[in-house]
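Student: All I have is the shape, not the residue letters:
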């Protein structure tokens, strides 16, 4: 979503919403994002009115599935983390933050968030001003320190550097290629039927498994790039 369909934590603009509605009339569309469903709803879904039966939502990066039925969004599945897993991952993160002396003096909301099927660390909290986030770790060196500190204790989990301040942790076998497999399975598609559009197709970023899985992928820098792709698809 962020920097692909809309600016960070902001609703998509009018042109993007109109293009999405046109795209949904012609194609099936899935939004896979690290955000929770409520955020997707605020930024995208609350502003769409047409062809929603062709839209599928996979929040918290692939670990949940929502589809539009009977005039409502229904959750088809969720890959729950157990209470014990949440407690353990949270303790590992907190200990690493303190050992590295990276406890922020000012935060906007919790810096470690339980997203049901994913634990997300955000240095200033998810509601921090975007400018403050952008100054934190532009070269990702700080987050690499945290990853190197926790990876041995979280060998059974996947750890992804993402966004401006975030680290996401899920079960080992849950990556975006899992989400793609779910799309293929649930919608009766083949790999060659899918086009993946995202802004981060680099190793250790959470989009990389899709590229590795063999799906045609296009990298974008911002929503304007995505609009161009949608316009080209509409011409076909």
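Tutor: That came through fine. Keep in mind that what you see is a predicted model, and the values were worked out from it rather than measured. Residues are numbered from 1 along each chain as shown.
Student: Report the distance from stretch 46-59 to the chain centre.
Tutor: Stretch 46-59 sits 16 Å away from the centroid of its parent chain (Cα atoms, centre = their mean, to the nearest Å).
Student: How is the protein divided into domains?
Tutor: Annotated domains of the chain cover 14-79+175-235, 83-171 [automatic domain parsing].
Student: Could I get those in TSV, plus columns for mean neighbour count and mean pLDDT?
Tutor: All C-beta spots, glycine's among them, are computed from the backbone N, C-alpha and C. As requested, these are exported to TSV (neighbours: other Cβ atoms under 10 Å; pLDDT from 0 to 100):
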stretch	mean neighbour count	mean pLDDT
domain 14-79+175-235	17	88
domain 83-171	17	91
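Student: could I get those as CSV with distance to residue 1?
Tutor: Formatted as CSV, the domains of the chain follow (distance: least, Cβ to Cβ, whole Å):
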stretch, distance to residue 1
domain 14-79+175-235, 4
domain 83-171, 11
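Student: Out of those, the one nearest residue 3 is which?
Tutor: domain 14-79+175-235 (4.9 Å; Cβ to Cβ).
Student: and residue 75, what element?
Tutor: strand 72-78 (DSSP states H and E).
Student: brain fart, residue 113
Tutor: Taking DSSP H and E as the criterion, residue 113 maps to strand 112-114.
Student: For the next helix or strand after that strand, which outside residues touch it?
Tutor: From strand 112-114 onward toward the C-terminus, using DSSP H and E, the following helix or strand is strand 119-122. Under the contact criterion Cβ atoms under 8 Å, 6 or more residues apart in numbering, strand 119-122 has outside partners 34, 81, 86, 89-90, 93, 97, 111-113, 126, 128, 146, 163, 165-170.
Student: Confirm that residue 12 sits in a strand.
Tutor: No: applying DSSP: H, G, I helix; E, B strand; the rest coil, one finds residue 12 to be coil, outside a strand.
Student: ok, for residue 97, nearest residue in space, not its chain neighbours?
Tutor: By the measure of Cβ to Cβ, 6 or more residues apart in numbering, the closest residue to residue 97 outside its immediate chain neighbours is residue 103, 5.6 Å from it.
Student: Go ahead and report the secondary structure state at the one you found.
Tutor: coil.
Student: related to what we said a few turns ago, which ones among the contacts of strand 119-122 are found in strands?
Tutor: The members of the contacts of strand 119-122 that map onto strands under DSSP state E are 112-113, 166-170.
Student: Could you export these as TSV, including distance to residue 77?
Tutor: Formatted as TSV, those follow (distance: Cβ to Cβ, whole Å):
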residue	distance to residue 77
112	25
113	21
166	24
167	24
168	19
169	20
170	14
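Student: Quickly check those for the two that are furthest apart.
Tutor: Every pair of the ones in strands among the contacts of strand 119-122 checked by Cβ to Cβ; the farthest is 112 and 170, at 14.3 Å.
Student: Give me the nearest residue to residue 42, chain neighbours excluded.
Tutor: With Cβ to Cβ, 6+ apart as the criterion, residue 42 has its nearest non-adjacent residue at 7.0 Å, and that residue is residue 11.
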